[in-house]
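Chemist: Compute the structure for the input listed below.
(one chain, ligands or ions: 1)
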Amino acid sequence: MIPSFRMPGEERIDSALIFLKRTGEKYGINPRRVLDAGSGPGFFTRILYVLYPAADVYAMDLSKDYLDLGVEDCSLKSSKTVHADIKYPWAGERFDLVIGMNVTADDPSAAEGWSALPPSEFLKFLTPGGFFFYTTPEFDPIDHRPSDNEVIQELIKRRMNLTPPELKPLEHKVIGDVDRSIEKEADFATLYRYEPLKQPV
Ligand SMILES: C[S@@+](CC[C@H](N)C(=O)[O-])C[C@H]1O[C@@H](n2cnc3c(N)ncnc32)[C@H](O)[C@@H]1O
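Modeler: Numbering: from 1, shown residues only. Next up is the predicted model:
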C-alpha cells in the first residue's frame, strides 16, 4: 500500500512516491542507505522512512532552520539529520539511493532559467550501481498538457544536456500538477543509475 502524507499543494510528493515505488519494483531498488540531499523540512524524507523501513535514511540541508523545523514537527529523525552543503563531500559517506528533489540554489552565476543544483553535484554521494532520483521545477515550455510528447522531449533534451556520462537515465516523468495559474510550472523527474566510467588500462 502506498502511504499518503499529502499536504496542501504537495501533489508532487504523492506523485514522486508513486514514480519511485513503480520504478523501484522495476529496477530492484532496495536501498540500505538513503540520502535526501536538500531535504528542507522533510516533506519527502518522511515518505522515504515508510517506503524503506529497513534502510538508514539521512536528511541533509544547508539550512539548519529547515532541519530543526522538520525535527520539531516529527518529519525528520534528529539522529539522521546532516547540516551540510551538498557541494562538499560528507566524510566520504556514500548511499545506494540519493534523492535530489527541487534543490534550488541561490547562485547568481547560475545560467538564466536554471536555478537548481545540477546532477553532477550529487555524484559524490553515490555508490557504484546506486540510484539517483532527481527533480527540478520547470517553467516554460509547459504551454500544452504535460503529457504532450513534444514537451516531454524538450524537457528530456534539457536534462540530458546537464547529465554527466556516469549517470545513466532510466526513466523520466512529469510529476505533480501543472500550476498554470502562476507560472505554467511542472516538476520534472528523472531516475538515474550511477555507472562509473571504467579507468583506462
Ligand atoms: C525548494 S527546497 C526543496 C526541499 C525538498 N527537497 C522538497 O522537495 O520538499 C530546496 C532546499 O534545498 C536546500 N539547498 C539548496 N542548496 C543546497 C546545498 N548546496 N546544500 C544543501 N542544501 C541545499 C535549501 O536549503 C532548501 O531546503
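Chemist: Thought Tyr88 was touching Leu62, still the case?
Modeler: No. Taking contacts as Cβ atoms under 8 Å, Leu62 lies outside contact range of Tyr88: 10.5 Å. C-betas here are computed from N, CA, C, even on glycine.
Chemist: Would you mind telling me which of these two has the busier surroundings?
Modeler: Leu62 (16 against 8; other Cβ atoms under 10 Å).
Chemist: Skipping adjacent residues, who's closest to the more buried one in space?
Modeler: Asp85 (5.4 Å; Cβ to Cβ, 6 or more residues apart in numbering).
Chemist: can you count the residues close to the one you found?
Modeler: 11.
Chemist: contacting residues for Pro164?
Modeler: By Cβ atoms under 8 Å, 6 or more residues apart in numbering, Pro164 lies in contact with 119-120, 123.
Chemist: What's the ChimeraX line that selects buried ones from the residues you listed?
Modeler: Here is the ChimeraX command that selects the buried residues among the contacts of Pro164 (16 or more other Cβ atoms under 10 Å):
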select :119,123
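Chemist: Which of the contacts of Pro164 lies at the shortest distance from the ligand?
Modeler: Ranked by distance to the ligand (Cβ to the nearest ligand atom), the contacts of Pro164 are led by Ser120 at 12.7 Å.
Chemist: In which helix or strand does the residue nearest to the closest one when sequence neighbours are not counted reside?
Modeler: Closest residue in space to Ser120, ignoring its immediate chain neighbours: Pro164 at 4.8 Å, by Cβ to Cβ, 6+ apart. Following DSSP states H and E, there is no helix or strand that holds Pro164.
Chemist: Next, Pro164: phi, psi?
Modeler: phi -70, psi 160 (degrees, to the nearest 10).
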